[in-house]
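J.: No letters, just coordinates:
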């Protein structure tokens, strides 16, 4: 689906709020709820390994999608630096919604650029961190707190699995068990 986020992107929804092939997220004027308790779409049957990977984490998940990103250098990417709104309508008593990435293509010269906010609330370049995007790279990021965008220096599109997970003991145990 043609849906823009952080550059020239397309998405294949694997799980959505209602199981439909829709990238709008988990809120609309007449249906507002947190980015969790997702239902797998018909696309999930086309990628059973990825579906089972998400389910195997054991944590409550929201949006699950494969992103396709066309090449973009740092100068182009930085214009799309953004923070997500993962926790809109999420009760304060529930776990914070974070995002997980699994890099599906091998782009060792590409990276996820992360920045914290400065005192003015804008991205602080002195906090820049780069996460390399080689095939199989996996990481969890609080994308509501951190500014982020991918700098993709390859010649071909890159693909990754992006999943919203509810933080808490289950996700913590999974992260610990998967850490090297």
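T.: Noted; the coordinates are in hand. All values reported here derive from a predicted model rather than from experimental measurement. Numbering: from 1, shown residues only.
J.: what's the distance between the residue lying closest to residue 90 once chain neighbours are set aside and residue 164?
T.: Leaving aside its chain neighbours, residue 90 sits nearest to residue 34 (4.0 Å; criterion: CB to CB, 6 or more residues apart in numbering). From N, CA and C alone the C-beta is placed, and that goes for glycine too. Distance, residue 34 to residue 164, using CB to CB, to the nearest Å: 9 Å.
J.: Please enumerate the helices of the protein.
T.: Secondary structure of the chain by DSSP state H: the helices cover 48-57, 74-78, 169-178.
J.: Export these to a markdown table and append columns for mean pLDDT, distance to residue 152 and mean neighbour count.
T.: Converted to a markdown table, these look like this (pLDDT from 0 to 100; distance: least, CB to CB, whole Å; neighbours: other CB atoms under 10 Å):
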| stretch | mean pLDDT | distance to residue 152 | mean neighbour count |
| --- | --- | --- | --- |
| helix 48-57 | 98 | 20 | 14 |
| helix 74-78 | 96 | 7 | 15 |
| helix 169-178 | 97 | 25 | 13 |
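J.: ok, back up a step: residue 34 and residue 164: who's more crowded?
T.: The neighbour comparison of residue 34 against residue 164 (other CB atoms under 10 Å) goes to residue 164, with 26 against 21.
J.: coming back round to it: nearest to residue 40, of the helices of the chain?
T.: helix 48-57 (6.2 Å; CB to CB).
J.: Quick one: the strands in the protein, in order.
T.: Using DSSP state E, the strands of the chain run over 9-16, 27-28, 31-32, 39-40, 61-69, 97-103, 107-115, 129-133, 138-141, 147-151, 158-166.
J.: Which residues are in contact with residue 144?
T.: Applying CB atoms under 8 Å, 6 or more residues apart in numbering to residue 144 gives the contacts 83-87, 96-97.
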